[in-house]
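1. Okay, predicted coordinates and the sequence, questions at the end:
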There are 2 protein chains.
Amino acid sequence: MSLFKTVGKFGAYGRVGEFKTRRGTVVTPTFMPDATRGAVKSLTPEQVYGTGVQVVLNNTYHLHLQPGEAIVEGLGGVHDFGRWSGPILTDSGGFQVFSLSKLSKVTEEGVTFKHPVTGEMRHITPEISMQIQFALGADMIVAFDHLIGLGEVTSEQTLDAFERTHRWLERCVVEFKRLCAGMSEAERPLLFGVVQGGLDLDLRRKSLEIVQASEVDGIAIGGLSVGETQAELFAVLEALAPLYDPTRPRFLLGVGTPSDLKFAYEHGIDMADCVLPTRNARHATVWTTGDEKIHLTNAQFNEDPEPIEPGCDCYACAEGFSKAFLRHQFKVGEPLAGSLASIHNLRYLTRICEAYRLNESNG
Amino acid sequence: MSLFKTVGKFGAYGRVGEFKTRRGTVVTPTFMPDATRGAVKSLTPEQVYGTGVQVVLNNTYHLHLQPGEAIVEGLGGVHDFGRWSGPILTDSGGFQVFSLSKLSKVTEEGVTFKHPVTGEMRHITPEISMQIQFALGADMIVAFDHLIGLGEVTSEQTLDAFERTHRWLERCVVEFKRLCAGMSEAERPLLFGVVQGGLDLDLRRKSLEIVQASEVDGIAIGGLSVGETQAELFAVLEALAPLYDPTRPRFLLGVGTPSDLKFAYEHGIDMADCVLPTRNARHATVWTTGDEKIHLTNAQFNEDPEPIEPGCDCYACAEGFSKAFLRHQFKVGEPLAGSLASIHNLRYLTRICEAYRLNESNG
């Protein structure tokens, strides 16, 4: 059964398509903002919908630590909690366990780490990650993987993490199936397996092959956007582009900038998430025509009556908020400035996605 | 000519009515949030309109210091600047000059104070206050008054400030007329004179008489909400209630809480402004049924699935954001929590106003 339906193509590897989740169809390519702690920072769900976003990503690690999946589940799950009725994807928590936690200790069983606030020891295994994501109630969930950084890592360590990731994937699939017992195909969430392998293209290809041979609904590309150069990122995306199974959606984790996203979409990626558009926006950095990055606090905008991007249909631009107004609001520390800039940046990325979709459906 | 049209009454002194500004009719009683620096904190104009707010107040002092009235004027005035198309009222800057500035020195000419950031000396006179408010482009402007605190003030000082306020009022009227030259009645802003007199009821009555004898469009009650008890505030409002000119709108500056506002509206006040609903909201304090104040960060709301006030039609309550979600978002420092709580608090106050208007138009 093909989950993903291709409706158009662009370039050698790009595709326009759609796939069904239990909370509706997702049309691709698409960009998913991070609602890390249950909300896209400084925006209401209504404002997020207004940017053309279809799917938001909640972070398993953050919601597990606070308020805890039991509370979210008791309130009806992430959709009821954050009032987002569209599809929600949760990551596995793996990235954060390795990147944000001190004292993370990896065994074959799983990862032990210190709660960054209370200091108590927590344990996450592939099975526990599946259970947390089920409790949170996401529509798309991600297998728990062993991430290693790009820095001072031996090839032995890379291989060790690589192999463990695939052993953990099998455990995730088993636990996922157990948790889906009694659910119909239309009711169950979708499982994404994670492709690892660092910057080693042979390992990456092999990892993709292993993930695609397993019983997962979608393919996630992990372990990128962790400090590599753009050329290194592009090399991995190019290496994988010819090898994807056409029947499954492909999700690139943690990317990114307009140019990274365009390259990814043009190399067969269907969906991506990143904190960048909203984090940049809160720091007064926005994208405008030609992917130019401008800093709204610059003195040059002091009396600039133009919106961020004339012609943009986002609320901030269409309503006519001037760069001078935004500069002023950033300078006086008014959170509205970050909200308006976030709306623009998200719309900037969804317009990139829509341009691919529009050109294809016409072509 | 009567600016204010009474369409109904409630209690001994309360009234429902309306008056015209150059940017549309204001129906009263009404509550006006403070868009201190050109924006109601953490809310878009669309969100503010959604609460039923008709008029916002911009602070002359804050916008004069940053970005400066010349920049705001160059961008088309406060309406174009902050994208608020309804009526805007600016205060005179008097309150802030006296309460926020160090080294404020009062002479008969005006007030000299130190810029809180740059340290340079600034000078505001009644004429300059009128000029700044005209440059900002407000639809309702307020005469520059001499505020004195309630603390260690001699009756001589109170009397001195009292008399100066009225001399300054005459200068404001002259300057206001000069600035209105060439404008039709429909094009010009409205001028509010300020009633002072501290807690001395005789001085208050006399001040009202003087202000009402001058050529002002509206009556502003100043010098309250500066640390007095509720009984002291109520005593002033009671003393003035029988004495208002029925043809002019009455504006109470800097009030406040639901109970203060109800007392004010029931004693002939038509409009009031205050930072309290939005400031409280950003600190997780919201009003609910019966004017009860609840603190959303309380542990008791940890798993509370109910909205702030079941039945409330504000975006936060009607969309079903639970107290548990809001508590979580406040605890993790997410600005969305303050935005949602602000929407509720503003709607709470506009609902109080609407209840008076609805009861009267039906009665």
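-> Everything's here; your move.

2. In the stretch 251-363 of chain A, mark out all the helices, start to finish.
-> Using DSSP state H, counting those that start in this stretch, the helices of the stretch 251-363 of chain A run over A:258-265, A:276-282, A:315-318, A:323-331, A:335-362.

3. who in the stretch 201-350 of chain A is up against chain B?
-> A:302-303, A:305, A:315, A:319-322, A:324-325, A:328-329, A:331-332, A:334-336, A:338-340 (CB under 8 Å from any CB of the partner chain). To be clear about C-beta, it is placed using only N, CA and C from the backbone, and glycine gets the same treatment.

4. quick revisit: nearest to A:Arg188, out of the helices of the stretch 251-363 of chain A?
-> helix A:335-362 (26.4 Å; CB to CB).

5. Taking helix A:323-331 as reference, get the angle to that closest one.
-> Between the axes of helix A:335-362 and helix A:323-331, defined by axes from the mean of the first three to the mean of the last three CA atoms, to 10 degrees, the angle is 130 degrees.

6. Give me the buried entries from the residues of the stretch 201-350 of chain A next to chain B.
-> Neighbour counting with 16 or more other CB atoms under 10 Å in any protein chain shown marks A:303, A:315, A:321-322, A:324-325, A:328-329, A:331-332, A:334-336, A:338-340 as buried within these.

7. Relative to A:Glu120, how far out is the residue lying closest to A:Glu69 once chain neighbours are set aside?
-> Spatial nearest neighbour of A:Glu69, excluding adjacent residues (CB to CB, 6 or more residues apart in numbering or on different chains): A:Ala135 at 4.0 Å. The spacing between A:Ala135 and A:Glu120, counted by CB to CB, to the nearest Å, is 19 Å.

8. try A:Thr247
-> Going from A:Thr247 to A:Glu120 by CB to CB gives 43 Å.

9. higher neighbour count, the two?
-> When neighbours are counted by other CB atoms under 10 Å in any protein chain shown, A:Thr247 and A:Glu120 differ, and A:Thr247 comes out ahead with 14 against 7.

10. Determine the three-state secondary structure at that one.
-> With DSSP: H, G, I helix; E, B strand; the rest coil as the basis, A:Thr247 sits in coil.

11. who touches the residue of the stretch 151-300 of chain A found nearest chain B in this structure?
-> For the stretch 151-300 of chain A, the residue closest to chain B is A:Arg282, as judged by CB to the nearest CB, at 8.9 Å. By CB atoms under 8 Å, 6 or more residues apart in numbering or on different chains, the contact list for A:Arg282 reads A:41-42, A:338, A:341-342.

12. Just the closest of the residues you listed to chain B, please.
-> Nearest member of the contacts of A:Arg282 to chain B, counting by CB to the nearest CB, is A:Ser42, at 4.5 Å.

13. Any buried residues in the helix or strand bottoming out on mean pLDDT in chain A, and which?
-> Scoring the helices and strands of chain A by mean pLDDT, DSSP states H and E places helix A:94-99 at the bottom, with a mean of 84. By neighbour count with 16+ other CB under 10 Å, helix A:94-99 contains the buried residues A:94-98.

14. gap between the two ends of stretch A:252-266?
-> Using CA to CA, to the nearest Å, the end-to-end distance of stretch A:252-266 comes to 12 Å.

15. what's around the residue nearest to A:Tyr265 when sequence neighbours are not counted, how many residues?
-> Spatial nearest neighbour of A:Tyr265, chain neighbours left out: A:Pro29 (4.3 Å); criterion: CB to CB, 6+ apart. For A:Pro29, the count of nearby residues is 29 (other CB under 10 Å).

16. Any figure for the gap between A:Pro29 and chain B?
-> Separation of A:Pro29 from chain B (CB to the nearest CB, to the nearest Å) stands at 27 Å.

17. got the contact list for that residue?
-> Contacts of A:Pro29 by CB under 8 Å, 6+ apart are A:14, A:16, A:265, A:269-271, A:353, A:356-357.

18. how about the residue of the stretch 51-200 of chain A found nearest chain B, what does it touch?
-> Proximity to chain B, evaluated over the stretch 51-200 of chain A using CB to the nearest CB, is greatest for A:Pro67 at 4.8 Å. A:Pro67 makes contact with B:302, B:324, B:328, B:331, according to CB under 8 Å, 6+ apart.
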